[in-house]
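Visitor: Show me the folded form of this:
(chains A and B)
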2 protein chains.
Amino acid sequence: MASITNYPPALTSAQKEHLAFTVKNWSIQHGLAVRPNPTFVAAEHDPNSSLATNAPVTLFPSPFPRVAFEHAQQLQEPYNELYARISNDEEWLEDVLKDLIDVDGFVENLWKCHLKVKEEGYVQNLSLGLFRSDYMLDTSAPETDTTDPSIKQVEFNTISSSFGGLSALVSSLHTHLLSGKPSNPKAYPEHSLFRSSEDSTIANVPPANASVSTLARAIASAHTAYGLSKSSPSLPLCVLFLVQPTERNIFDQLAISEYLTNELSIPVFRLPTSTILGTTSIPSSNKSRPLLYTPPSSPATQYEATVVYFRALYAPSEYDSPDSWTARIHLERSAAIKCPTVLTQLAGTKKVQQALTSSPPLADHLKNFLPGASPTLLSSIRATFAPQYPLTPMSNKVGASNPGLDLALNATTAENHVLKPQREGGGNNVYKLDIPPFLRSLKDKAEYKAWILMELIKPPDAKNVVLRQDGQVVTGDVVSELGIFGGILWEKTPSSKEPRILNNNSGGYLLRTKGKESNEGGVAAGFSSLDSILLY
Amino acid sequence: MASITNYPPALTSAQKEHLAFTVKNWSIQHGLAVRPNPTFVAAEHDPNSSLATNAPVTLFPSPFPRVAFEHAQQLQEPYNELYARISNDEEWLEDVLKDLIDVDGFVENLWKCHLKVKEEGYVQNLSLGLFRSDYMLDTSAPETDTTDPSIKQVEFNTISSSFGGLSALVSSLHTHLLSGKPSNPKAYPEHSLFRSSEDSTIANVPPANASVSTLARAIASAHTAYGLSKSSPSLPLCVLFLVQPTERNIFDQLAISEYLTNELSIPVFRLPTSTILGTTSIPSSNKSRPLLYTPPSSPATQYEATVVYFRALYAPSEYDSPDSWTARIHLERSAAIKCPTVLTQLAGTKKVQQALTSSPPLADHLKNFLPGASPTLLSSIRATFAPQYPLTPMSNKVGASNPGLDLALNATTAENHVLKPQREGGGNNVYKLDIPPFLRSLKDKAEYKAWILMELIKPPDAKNVVLRQDGQVVTGDVVSELGIFGGILWEKTPSSKEPRILNNNSGGYLLRTKGKESNEGGVAAGFSSLDSILLY
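Guide: So this is what the prediction gives:
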């Protein structure tokens, strides 16, 4: 294993100040920005929401093994296809999720939303997925000199996969700081990682980050596949970005909408969730159910939405008005291509992730979903699965074994695990030795269905320096999560269980780096920041 | 005169909200930003100076007559040369400024700084000027149907001419809003001015604004003309941006330094005035007096400065420490090319502007400084002069006439004038009927020397909508000032009074639009914002 020592290089206080000042300014100059948190700027100090600040970023890119990065990249398109196929298999999804539907009102409502539209009949067979598969480096396998840490999947995001816009800017920022451009000849002290291993006169910079074009082009492919206006007379077409009414991560979203507008000439409007029912409609006389949109700033012009890109309505807390589910069903039954559909959102639950890890003699779902995949590819995907278990028996047989519960209740094995709530927006993770007493404290054993036991991923030791959004510079132990972006457009074919894949792409990455807090068993965030990678 | 009526078009509240929201976001995404004023964000709420906000901008570009704009553009290079020649003529400057040196300690100190370096001997014959000539439209000439308002020069800036970086972005912003790009198909309600007069299917957008490249390339020309390092062994060369320690308009400056770095591969460092003496030095053993710079963030690397670009030390209030003048003299005596030299800064005083307006039978300074200029060019320059007068006799003859004082003391003529302090950072303008009693209140008639009487420029009526930096949207009557940027590099030739012009360019513009306050006689600013122009 290549050795990365003394990273990042130490900074004098003058260097740290200069670097933080440079990063703060570069960030605002290039839109690597967020609207500040209310804990930083109280609403009364910025009544018109004018202020912005740098997105929290690491001052240094983080080292990442090239083999592991390439592994993650190679798997993204297969993973896209896997989740498209899962979304397409309603029966399988229902079977996997039925326990969860019992205990989780949010999943239940999503399922009901699907059933309601199904009853009426879907009018749109196309689905768009903008996915992000998140990994952590894992050092728990016995290390040798020749093995680098491998990647384990933390989660697979099927809705509102964010930070594609800003992460490309972080790669540019770190490239700017590393590239030895004359204006910052000494932004960083020397470190061997900052030089190409083949030619020390060449700067080692983060790999090109195509997240914005990947995501925007996937949306554009759906926009095109939508075809002509279904209205009569025909209306101009547009893409709708469904957003939270108060979104602080807006510049992340604008990077993608600007690409759609400027590079691909596609009209984009922002649709706050609170305005769905007021500004969109489906004419009852039109059986194709086009989703019509009237911009409040231009009431005389009506558009027809080809794609609704969800950057909202992913969390239970967002369904806080009596109309929330009405609005979701309204969008779902329309002819607009949803990114994602309710079924695709449900495919992203932890329960599905866990179900995929089952292997013979239990059902081999992975292989069943990817019948055309080579054994090498299947084992390459499987290698990213962290062992995980339900706390209920893994087969329906009476007296079937329950390895998850066994591991969870035994202190020796619990020590190596984390208990995660299946509920979206549910409780907190329970770590290690807290697991057995926690489970014993549950009065109703039916509650076990709401949890997944997962083997702890053991990330390598690492340090970095973070510039927070309030300008504080924090140095410490960190743990990073790599996300790979992908986009896939598929069509449900009524005659077959097989979806027809129209477009499948991947590109771009996100590294999110969090502070490790020593008083937690896991990797809870003392601070969370955007990062990029230096391959070694 | 082309008629611009009902401009800007009225906005519904939804349109105004949408437009302000779009502009706020676009501004942060593209670096059209400032650090907020302390009246908006108190220092204790942003202790690390992380926050940014949109620069104050107009929501609409302002109409501007094409003939007047082209007139201003055509004059910039002649004006550059005029002020280079004035800077080069020390005797003339001394003669014009001697009254001012008597009453203005700041001008006196600048002059002494020049004398001190002259005594030792200058080692750098090259001078760089980054100039901005500011005009207002004047409607005071009798209007006919065929005449548009003409331009009158408000002032000629020879030091720290700012907003070149941000004004290019404002032109881009308004172009974005006007261009009918699909994502903002209805950013503005319709108006005939938004369409090309030749082809109504084509959007009328602001003229291309090359301010950043014009300014950066002028600095680059000086950097190149500096030649090789004068140190032994030779040092890497760099440009220094001399800046105020707390600069809120930093993104304006960064646009230029980034162009130098990224497009022209020239190292740039920011040199806060408080660090001049601590981080720069002139080795006493080197008669060429190179200005050496040690970046605090990289003390092991020493640079030699080719150009010191002053974005500071232009105002008396900045010379607030015992070392301030020592630092200015230190820079002036170095081999670095100053942008500007002390003499060039002095050439920008209002007294020089006024002296240039004198015409036969008094001295014709304009013609004397531009002996090669055609009569047409001279009258074209002279057409931009607003009538202005000293309050002292305009010739040295005993009993000579004093038309300035006559105009100022007569209520009928005073009504049409403004009294401006000659002092840099001096008192406030005195308007119209306030002038006679103000002058009579001065106990010491020698104080008259500190004032210039200028005929009021009468700008056309105009309205616009301004987005302030705190997000408030203000609609009202406005008055605009057009600035044209230029850069010139010249060499003082010891054998001749004629400077050798090495490079003379112009390009880019600034429109600054201010609110007209009805309770002031003049055009004092209720709000000031950056704007761009739509030609008609």
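Visitor: And for stretch A:84-95, what's in contact with it?
Guide: A:111, A:114, A:127, A:129, A:158, A:340-341, A:343-344, A:346-347, A:352, A:365, A:369-370, A:488, A:490, A:492, A:497-499, A:501, A:504 (CB atoms under 8 Å, 6 or more residues apart in numbering or on different chains). All C-beta spots, glycine's among them, are computed from the backbone N, C-alpha and C.
Visitor: Identify those among those residues that sit within helices.
Guide: A:111, A:114, A:343, A:344, A:346, A:347, A:352, A:365, A:369 (DSSP state H).
Visitor: thinking again about what came up before, mind giving me the ChimeraX command for buried ones among the contacts of stretch A:84-95?
Guide: In ChimeraX, this line selects whichever of the contacts of stretch A:84-95 come out buried by 16 or more other CB atoms under 10 Å in any protein chain shown:
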select /A:111,114,127,129,158,340,341,343,344,346,347,352,365,369,370,488,490,492,499,504
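Visitor: Tell me both backbone torsions, phi and psi, for residue A:131.
Guide: Phi and psi for residue A:131, reported as degrees, to the nearest 10, are phi -110, psi 160.
Visitor: Could you double-check that it lies in contact with residue A:487?
Guide: Yes - between residue A:131 and residue A:487 there is a contact at 7.3 Å, judged by CB atoms under 8 Å.
Visitor: what distance separates stretch A:406-423 from the centre of its chain?
Guide: When distances are taken as CA atoms, centre = their mean, to the nearest Å, stretch A:406-423 is centred 25 Å away from the chain's centroid.
Visitor: now do stretch A:489-498
Guide: Centre-to-centre, stretch A:489-498 and its host chain are 25 Å apart (CA atoms, centre = their mean).
Visitor: swap in stretch A:285-299?
Guide: Worked out by CA atoms, centre = their mean, stretch A:285-299 lies 30 Å from the chain centre.
Visitor: Take that stretch and give me the span from its first residue to its final residue.
Guide: Chord length of stretch A:285-299, first to last residue, is 21 Å (CA to CA, to the nearest Å).
Visitor: any idea which helix or strand of chain A has the worst average confidence?
Guide: Lowest on mean pLDDT, DSSP states H and E among the helices and strands of chain A sits strand A:525-531, with a mean of 79.
Visitor: Which SSE is immediately downstream of that one?
Guide: Remark: after strand A:525-531, the chain's next helix or strand is strand A:533-535, criterion DSSP states H and E.
Visitor: hmm, who's touching that next one?
Guide: Here strand A:533-535 has contacts from A:61-66, A:69, A:174, A:178, A:193-194, A:204-207, A:482, A:509, A:511, using CB under 8 Å, 6+ apart.
Visitor: just the buried members of these?
Guide: So, by 16+ other CB under 10 Å, the buried ones in the contacts of strand A:533-535 are A:61-65, A:69, A:174, A:178, A:193-194, A:204-207, A:482, A:509, A:511.
Visitor: So which of those are in helices?
Guide: A:69, A:174, A:178.
Visitor: will you turn the residues you listed into CSV that also has distance to residue B:332 and pLDDT?
Guide: Output for these, formatted as CSV (distance: CB to CB, whole Å; pLDDT from 0 to 100):
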residue, distance to residue B:332, pLDDT
A:69, 54, 98
A:174, 40, 96
A:178, 37, 91
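Visitor: re earlier: which residues do residue A:131 and residue A:487 both contact?
Guide: Counting by CB under 8 Å, 6+ apart, the residues touching both residue A:131 and residue A:487 are residue A:80.
Visitor: Contacts only, for the spatially closest residue to residue A:288 that is not a sequence neighbour.
Guide: Spatial nearest neighbour of residue A:288, chain neighbours left out: residue A:230 (3.9 Å); criterion: CB to CB, 6 or more residues apart in numbering or on different chains. Counting by CB under 8 Å, 6+ apart, residue A:230 makes contact with A:286, A:288, A:289, A:290, A:304, A:335.
Visitor: Assumed the third one was part of a strand.
Guide: Looking back up the chat, that one is residue A:289. No - note on residue A:289: no strand contains this position according to DSSP: H, G, I helix; E, B strand; the rest coil, which reports coil.
Visitor: just for the stretch 401-536 of chain A, where's the confidence low?
Guide: A:424-427, A:517-526 (pLDDT under 70).
Visitor: Around chain B, which positions in it sit nearby?
Guide: Remark: the part of the stretch 401-536 of chain A in contact with chain B comprises A:469, A:470, A:471, A:472, using CB under 8 Å from any CB of the partner chain.
Visitor: ok, the nearest residue to the third one once chain neighbours are set aside - contacts?
Guide: In other words, residue A:471. Distances taken as CB to CB, 6+ apart place residue B:48 nearest to residue A:471, at 2.5 Å, with adjacent residues excluded. For residue B:48, the contact set (CB under 8 Å, 6+ apart) comprises A:470, A:471, A:472.
Visitor: Residue B:48 in helix, strand or coil?
Guide: coil.
Visitor: From residue A:23, how far out is it?
Guide: Distance of residue B:48 to residue A:23, given as CB to CB, to the nearest Å: 12 Å.
Visitor: cool, residue A:115 as well?
Guide: Applying CB to CB to residue A:115 and residue A:23 gives a distance of 50 Å.
Visitor: Looking at those two, which one has more neighbours?
Guide: Neighbour count, other CB atoms under 10 Å in any protein chain shown: between residue A:115 and residue A:23, residue A:23 has more, with 23 against 12.
Visitor: Surely that one is within a helix?
Guide: Yes - assessed by three-state DSSP, residue A:23 belongs to a helix.
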